[in-house]
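Asks: below are the sequence and a predicted model for it; my questions follow.
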Amino acid sequence: MIPRYQKILFSILLLASLGMGVMLWQLRERAHQRMIAGQDSAPTSAPEVAPDEQATLVVASDLDGSLLTQVHTLPLPDDPGARARVVLGKLLDLYAAADAGHKVAGGASSVTQVFLLPAPEIGAAAKPKPAESPTGEAKPGDSGSAKPAAAPSQQAQQTGPQLAVVNLTGSFVASHPSGIQTETLTILSICGTLHANLPRVTQVRFLVDGQPRATLAGHADLTRTYLAADVVPSEGTHP
Amino acid sequence: MRSTKWTLAALLACGMAASPVTAQQAPSVPQARFVVVLDAAHGGDETGGRLANGQFEKTFTLALTTRLRSLLAARGIQVVTTRESDAAVEPEKRAEIANHAAAQACLSLHASESGSGIHLFASSLAPAQPTRFAAWKTAQAAWVTRSLALEGVFNSALAHAGMTVSLGRTTLPPLDSMTCPAIAIEVAPERSPGKDNITAELTDPDYQARVAGALAAALVQWRTEARQP
C-alpha cells in the first residue's frame, strides 16, 4: 500500500515536470521565431566606412631573407582587434600577389580573428631579447615561462602591454611553403606588423583553426609566445 | 748482487737514452676527440617540404648527411647521426642523441625551395648562464654564444667557397633543446644576385658536392679554432 503523502508528492513532481516541459517547448519556439526574424530582417543601418589611415607593414623578402617596413593607406576601424585583422589581412594580401617577394597563398581571409588580451608578465631575465629567463623559459617564443600577472588593474588592462592571439586558417597553414627561412619570415612579419600598428602588442601567439599547432609548415615553432617588440626593423633586417 | 748492479746500470742507461726522446714528445698533447652531430631533418611520415623535382626534403637531407659524413670521416672527424634511414625521429629524440654525444658541433640539415644559397640559423634564445639543471625547451640558451660563433665560422667558410649565405635566428624545436654549439643549415637553390632565376638546383649533383665540401671545410676550420689554446 502506497502511503497517501507519497502519492501527493509524486503528483506534485509529475505536474512540475510537465510544467517545465511545456515552458521549455515555448522558450524553444520563441528562440526559433527570433532566429527566423533575424534572418529575414534587412540591415537597419548603413555600414560605417572607416577613415583611411596610414598602416606600417613589415614585409618579408625571400630573396635576401630581409624584413622591410612599408607604409600603406588603409581604412582602419577603431576597434583594436578589427584593426589588427585589417592590417594583417593587407599584409597577407601582399604575400598572395603574383609578384610577391615572399609568396604565401591565402590572402586576407587567412586571418580568422585576432584576440587582444592583457599580456602576461615575462620574467625579468627575459627582457632584453626575444628570449627568456636563464632558468628556462620565455623568448621569441615561450609560453611556459610567462607568468600571469596577478589580478591586473582596470587601468593596467587599458594601457598595459597586450598579447595578441592570431587565429589562422588551416588552409593558409596547409598551403604555406615549407622551410625555416620562409616560415620564420612569415611569423616575424606578422609580429612586427602587429607591434608597428598596435604598439601595446608586445607578445604574439598563434592558433590554427582555434587549436594550438606544433609548427607552421614543419619548421617554425608555433607553440611559443613571440616577443613582437624585437621584430620591427628600422629599415631592413634579417630575421 | 752482481745481477742487481747490472740491472740498475741497464735501467739508468735506458733512462738517460730515453729522456731526450721524452723531452721531444712532451709538447704533443693528446688531441681531444672531436665529435660532430649531423641531424638529417624530417623522415618517415614527416616528409618536410617538397622540392622542385618532386623529391621530399627528408630524402635530400639524408643524402646530404651521408655525403657529409664521408667527407668528415676522411678528415678524421667522428660523426654521430640522428637517423640513418627513412625513419621518423621525434625532435626530442634528436636532441637527446645530440646531447648524449657531447659534440663540439651539432648541425640540423634542412632544404627549401625558398630563398637563395645557404641559410644559417642559430637559436633565437637569449644567451644565459649554464645551470646545473637546464629547462628542456631552452637548454640551448647556455650555448647560444658558442652557436653564434659556429654560425660565424660557417658563414666565412661558405662565403669563401663562393656561396650565397644568409644568417638568421629562429625557433626550431630540436635546436632549442641541444646542449652543444648548434645551428640549422637550410640549403636552397642558388639564384643570380638580386634576381629570381636559379643558377643551381638542389638536385644538381655538382651543387650538392660543393655544399657538402664547403660544410666539411667549415667544420675543419671549427675544429682548428676549438683546438687553439
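Replies: Received the coordinates, thanks. Numbers count the residues shown, from 1 in each chain, chains lettered A, B, ... in the order given.

Asks: tell me the pLDDT of the nearest residue to residue A:72 once chain neighbours are set aside.
Replies: In space, and not counting its chain neighbours, residue A:72 is closest to residue A:55: 5.4 Å by C-beta to C-beta, 6 or more residues apart in numbering or on different chains. To be clear about C-beta, it is placed using only N, CA and C from the backbone, and glycine gets the same treatment. According to the prediction, residue A:55 has pLDDT 93.

Asks: before we move on, what about the one 5 residues further on?
Replies: With respect to pLDDT, residue A:60 scores 94.

Asks: repeat for residue A:38
Replies: 65.

Asks: what separation do you get for residue A:202 and chain B?
Replies: 15 Å (C-beta to the nearest C-beta, to the nearest Å).

Asks: number of nearby residues for that residue?
Replies: Neighbourhood size, residue A:202 [other C-beta atoms under 10 Å in any protein chain shown]: 22.

Asks: now do the strands in the chain.
Replies: Just going to use chain A. Per DSSP state E, chain A carries strands over the ranges A:52-61, A:66-75, A:111-118, A:162-168, A:201-208, A:226-227, A:236-237.

Asks: the chain in question should be chain B.
Replies: B:35-40, B:78-81, B:105-111, B:118-123, B:165-170, B:182-187, B:190-191, B:198-200.

Asks: helices or strands up against the first one?
Replies: Judged by 3 or more C-beta pairs under 8 Å, 6 or more residues apart in numbering or on different chains; DSSP states H and E, the packing partners of strand B:35-40 are helix B:57-74, strand B:78-81, helix B:91-101, strand B:105-111.

Asks: let's have the strands of chain B in JSON lines, adding mean neighbour count.
Replies: Below are these laid out as JSON lines (neighbours: other C-beta atoms under 10 Å in any protein chain shown):
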{"stretch": "strand B:35-40", "mean neighbour count": "25"}
{"stretch": "strand B:78-81", "mean neighbour count": "16"}
{"stretch": "strand B:105-111", "mean neighbour count": "27"}
{"stretch": "strand B:118-123", "mean neighbour count": "26"}
{"stretch": "strand B:165-170", "mean neighbour count": "22"}
{"stretch": "strand B:182-187", "mean neighbour count": "27"}
{"stretch": "strand B:190-191", "mean neighbour count": "20"}
{"stretch": "strand B:198-200", "mean neighbour count": "16"}
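
Asks: what pLDDT does residue 125 get?
Replies: All of this is about chain A. Residue A:125 carries a pLDDT value of 36.

Asks: try chain B instead
Replies: 91.

Asks: what's around it, how many residues?
Replies: 31.

Asks: so how far is stretch B:204-214 off the chain centroid?
Replies: 16 Å (C-alpha atoms, centre = their mean, to the nearest Å).

Asks: anything in that stretch near chain A?
Replies: No - using C-beta under 8 Å from any C-beta of the partner chain, stretch B:204-214 stays clear of chain A, coming no nearer than 15.7 Å.

Asks: how many residues are close by residue B:54?
Replies: Neighbours of residue B:54 using other C-beta under 10 Å come to 7.

Asks: now it, what are its backbone angles?
Replies: With angles defined as degrees, to the nearest 10, residue B:54 sits at phi 90, psi -10.

Asks: quick one on the thing from earlier: neighbours of the residue nearest to residue A:72, just the number please.
Replies: 20.

Asks: please tell me how far it sits from chain B.
Replies: In terms of C-beta to the nearest C-beta, residue A:55 sits 26 Å off from chain B.

Asks: so what's residue B:101 closest to, chain neighbours aside?
Replies: Using C-beta to C-beta, 6+ apart, the closest residue to residue B:101 is residue B:80 (4.3 Å).

Asks: hang on, I meant residue B:144
Replies: Nearest to residue B:144 is residue B:127, by C-beta to C-beta, 6+ apart, at 4.5 Å.

Asks: quick check: the one you found touching residue B:146?
Replies: No - look at residue B:127 against residue B:146 with C-beta atoms under 8 Å: they stay out of range, at 9.5 Å.

Asks: skip the chain neighbours and tell me the closest residue to residue A:175.
Replies: residue A:105 is the one closest to residue A:175 (C-beta to C-beta, 6+ apart), at 4.4 Å.

Asks: what mean pLDDT does stretch A:9-20 have?
Replies: For stretch A:9-20, the mean pLDDT works out to 96.

Asks: contact partners for residue B:170?
Replies: Residue B:170 is in contact with A:180, A:184, A:219-220, A:239, B:121-124, B:184, counting by C-beta atoms under 8 Å, 6 or more residues apart in numbering or on different chains.

Asks: pLDDT score for residue B:51?
Replies: Confidence at residue B:51, expressed as pLDDT, is 90.

Asks: touching, it and residue B:58? I think so.
Replies: No - using C-beta under 8 Å, residue B:51 is not in contact with residue B:58; the gap is 10.3 Å.

Asks: looking at those two, which one has more neighbours?
Replies: Between residue B:51 and residue B:58, counted using other C-beta under 10 Å, the more crowded position is residue B:58 (25 against 21).

Asks: just to revisit the earlier point, just the helices and strands packed on strand B:35-40: most buried one?
Replies: strand B:105-111 (a mean of 27; mean count of other C-beta atoms under 10 Å in any protein chain shown).

Asks: between that strand and helix B:57-74, how many degrees?
Replies: In terms of direction (axes from the mean of the first three to the mean of the last three C-alpha atoms, to 10 degrees), strand B:105-111 departs from helix B:57-74 by 140 degrees.

Asks: each with direction, which strands does strand B:105-111 pair with?
Replies: strand B:35-40 (parallel), strand B:182-187 (parallel) (DSSP bridges).

Asks: now those strands in JSON lines, with mean pLDDT?
Replies: As requested, the strands paired with strand B:105-111 are arranged in JSON lines below (pLDDT from 0 to 100):
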{"stretch": "strand B:35-40", "mean pLDDT": "96"}
{"stretch": "strand B:182-187", "mean pLDDT": "97"}
